[in-house]
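> what follows is a predicted protein model with its sequence.
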Amino acid sequence: MADIDPSKLQLFQFILFTKLEGAFTSALVHLGDRLGLYRAMASATAPLTTMQLAHLTQLNERWVREWAYNQAAAKLISTENEPSDPPTVQDDKFFLSPEQMVVLASEDHPAFGLGMFHSLRQTMQLLDDLPESFRTGIGQNYDSRGVEGAIGMERNFEPWTNANLLSKVLPKLDGVVDVLTKGAKIADVGCGTGGALLLMGKAFSKSNFTGYEISKYALARAAERLDRSKLTNVSFADPRDQPIPTNNSVDLVTTFDCIHDMTHPLQMMQAIRSAISDNGTWLLVDIKAHDTFTMNATQNPMAALLYGVSLMVCLSSSMSAPNGAGIGTLGLSANTAEQMAKSAGFTRFRKLDVDHAINAFYEIRP
Ligand SMILES: C[S@@+](CC[C@H](N)C(=O)[O-])C[C@H]1O[C@@H](n2cnc3c(N)ncnc32)[C@H](O)[C@@H]1O
């Protein structure tokens, strides 16, 4: 065996175990959200002892204390110590800084970050199925993570969408806000639980909106939300029962973070071209990806996370039928998207100037 450099060995062990720390800490983030611990901390007016936090959440203090120790050691929550004589475990108090508060406890803030942690349990359960996927090549669609998977996606995407879609994204599309204001036909393909569509439906009452989605859990939740909204200009459909129109009648098609998840994305782009009017627009929102693995790995600090999410969620979805395209989370670069859109019959492709940590935005036109 080659000589082992002790300091490189130590560094590598450290790197490996930081990943394990991430896995365990992520599980405790999931619990912090699920048990209302972050929300209780956010509602407090002063730092809390674990006795106080346990009382607020109606949980057992000893468990809350170990949770808080993990979270504070991981620097996800803040801590201060007021020594008493003799010291007690209740000398430590825990609180959220303003930044921790928006990411961990402010569901309506665009920086809210717990969506992906919501369905962590369902995602990790897929570990039992993944060895088989490696052997057969066939992955799992979004419904493999049940209703919590759909809710997780909703909580992941909506805070940013609610804060930015109407004010910062749609106005960047040439003439689209005018068209929607006057009355138009819109399709949101891969609409999830329908948040973007309901938002637009409320803002543009003269337009008609249809959301297309193949996840039964997402569709059921979209239907419930539509019911609660009382909107009459929005509907949802499974495109396998009610296909996307093929008569060039749609003025705006939107696809938010879903083309790279599809088993047959090129066919979907062709379907979108058949749906869209010659004057229409396709707003493609997809992951900001580079052309090669090396570029992603060196230029995207979240590359390891995104390749991991890909294998367990996006790649799995895009391989969930035989001959799935298998694009993966970081597979739809601007160049790939443009080439595919052009081969589907579109001629104009423009990247929009929208600032987003993960996504890129494109205006694509016939
Ligand atoms: C990452 S989620 C995004 C959902 C939604 N657009 C959002 O922003 O919350 C991707 C969605 O694409 C859906 N999807 C995948 N293939 C599809 C297809 N062929 N037609 C319609 N929806 C599809 C999945 O079921 C999943 O709900």
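Received, thanks. No experiment lies behind these values; they were computed from the predicted model shown.
> which residue ranges of the stretch 101-250 of the chain form helices?
115-118, 120-125, 130-136, 146-164, 176-182, 195-203, 216-229 (DSSP state H, counting those that start in this stretch).
> how about the ones you listed in JSON lines, adding mean pLDDT, distance to Glu82 and mean neighbour count?
(Glycine included, C-beta is placed from N, CA and C.) Output for the helices of the stretch 101-250 of the chain, formatted as JSON lines (pLDDT from 0 to 100; distance: least, C-beta to C-beta, whole Å; neighbours: other C-beta atoms under 10 Å):
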{"stretch": "helix 115-118", "mean pLDDT": "97", "distance to Glu82": "31", "mean neighbour count": "20"}
{"stretch": "helix 120-125", "mean pLDDT": "97", "distance to Glu82": "34", "mean neighbour count": "17"}
{"stretch": "helix 130-136", "mean pLDDT": "98", "distance to Glu82": "47", "mean neighbour count": "11"}
{"stretch": "helix 146-164", "mean pLDDT": "97", "distance to Glu82": "35", "mean neighbour count": "20"}
{"stretch": "helix 176-182", "mean pLDDT": "98", "distance to Glu82": "54", "mean neighbour count": "16"}
{"stretch": "helix 195-203", "mean pLDDT": "98", "distance to Glu82": "43", "mean neighbour count": "21"}
{"stretch": "helix 216-229", "mean pLDDT": "98", "distance to Glu82": "45", "mean neighbour count": "17"}
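> those helices: which one's closest to Phe17?
With C-beta to C-beta, the closest approach to Phe17 among the helices of the stretch 101-250 of the chain belongs to helix 120-125: 18.5 Å.
> the closest one - contacts with which helices or strands?
Other elements packing on helix 120-125 under the criterion 3 or more C-beta pairs under 8 Å, 6 or more residues apart in numbering; DSSP states H and E are helix 6-34, helix 146-164.
> quick one: mean pLDDT over stretch 259-272.
Averaging pLDDT along stretch 259-272 yields 98.
> what's the helix or strand for Thr254?
strand 250-256 (DSSP states H and E).
> quick check: neighbours of that strand in the sheet, parallel or antiparallel?
Strands that pair with strand 250-256, judged by DSSP bridges, come out as strand 185-189 (parallel), strand 276-287 (parallel).
> which phi and psi does Gly345 have?
For Gly345, the backbone dihedrals are phi 110, psi 0 (criterion: degrees, to the nearest 10).
> residues contacting it?
Each residue near Gly345 by C-beta atoms under 8 Å, 6 or more residues apart in numbering is listed here: 270, 273, 366.
> so can I have a markdown table of those showing secondary structure and distance to the ligand?
Below are the contacts of Gly345 laid out as a markdown table (DSSP: H, G, I helix; E, B strand; the rest coil; distance: C-beta to the nearest ligand atom, whole Å):
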| residue | secondary structure | distance to the ligand |
| --- | --- | --- |
| Gln270 | helix | 12 |
| Arg273 | helix | 15 |
| Pro366 | coil | 21 |
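> follow-up on the earlier one: the strand holding Thr254 and the ligand, are they touching?
Yes. Shown here: strand 250-256 in contact with the ligand (C-beta under 6 Å from any ligand atom) through Phe256.
> number the chain from 33, please
Renumbered: residue one is now 33, and that last one reads strand 282-288.
> got the angle for that strand vs helix 178-196?
With axes from the mean of the first three to the mean of the last three C-alpha atoms, to 10 degrees as the basis, strand 282-288 and helix 178-196 are set at 110 degrees to each other.
> rounded mean pLDDT for strand 282-288, please.
For strand 282-288, the per-residue pLDDT averages 98.
> how about stretch 360-376 as CSV, C-alpha atoms only?
Taking C-alpha atoms only, stretch 360-376 is exported to CSV below (Å, rounded to 0.1, in the frame of the first residue of the first chain):
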residue,chain,number,x,y,z
GLY,A,360,-30.7,15.1,-13.7
THR,A,361,-30.7,18.2,-11.5
LEU,A,362,-27.6,19.8,-13.1
GLY,A,363,-28.1,18.5,-16.6
LEU,A,364,-30.1,21.3,-18.3
SER,A,365,-27.6,24.0,-18.9
ALA,A,366,-28.5,27.0,-20.9
ASN,A,367,-26.9,25.6,-24.0
THR,A,368,-28.6,22.2,-23.6
ALA,A,369,-32.0,23.9,-23.0
GLU,A,370,-31.5,26.1,-26.1
GLN,A,371,-30.5,23.2,-28.4
MET,A,372,-33.5,21.1,-27.2
ALA,A,373,-35.9,24.0,-27.5
LYS,A,374,-34.7,24.7,-31.0
SER,A,375,-35.0,21.1,-32.0
ALA,A,376,-38.6,21.2,-30.6
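> what's the average pLDDT for it?
Averaging pLDDT residue by residue across stretch 360-376 gives 98.
> check which residues of that stretch are buried.
Using 16 or more other C-beta atoms under 10 Å as the test for burial, stretch 360-376 gives 360-366, 368-370, 372-373, 376.
> same check, this time on stretch 266-279
Using 16+ other C-beta under 10 Å as the test for burial, stretch 266-279 gives 266-269, 271, 276.
> and these as CSV, adding distance to Ser348 and pLDDT?
Formatted as CSV, the buried residues of stretch 266-279 follow (distance: C-beta to C-beta, whole Å; pLDDT from 0 to 100):
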residue, distance to Ser348, pLDDT
Val266, 30, 98
Ser267, 29, 98
Phe268, 24, 98
Ala269, 24, 98
Pro271, 20, 97
Ile276, 24, 97
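> so which of those residues belong to strands?
Using DSSP state E, 266-269 are the members of the buried residues of stretch 266-279 that sit in strands.
> number of residues surrounding the closest residue to Ala353 other than its chain neighbours?
Counting by C-beta to C-beta, 6 or more residues apart in numbering, Thr295 is the residue found nearest to Ala353 once chain neighbours are left out, at 4.3 Å. Neighbourhood size, Thr295 [other C-beta atoms under 10 Å]: 20.
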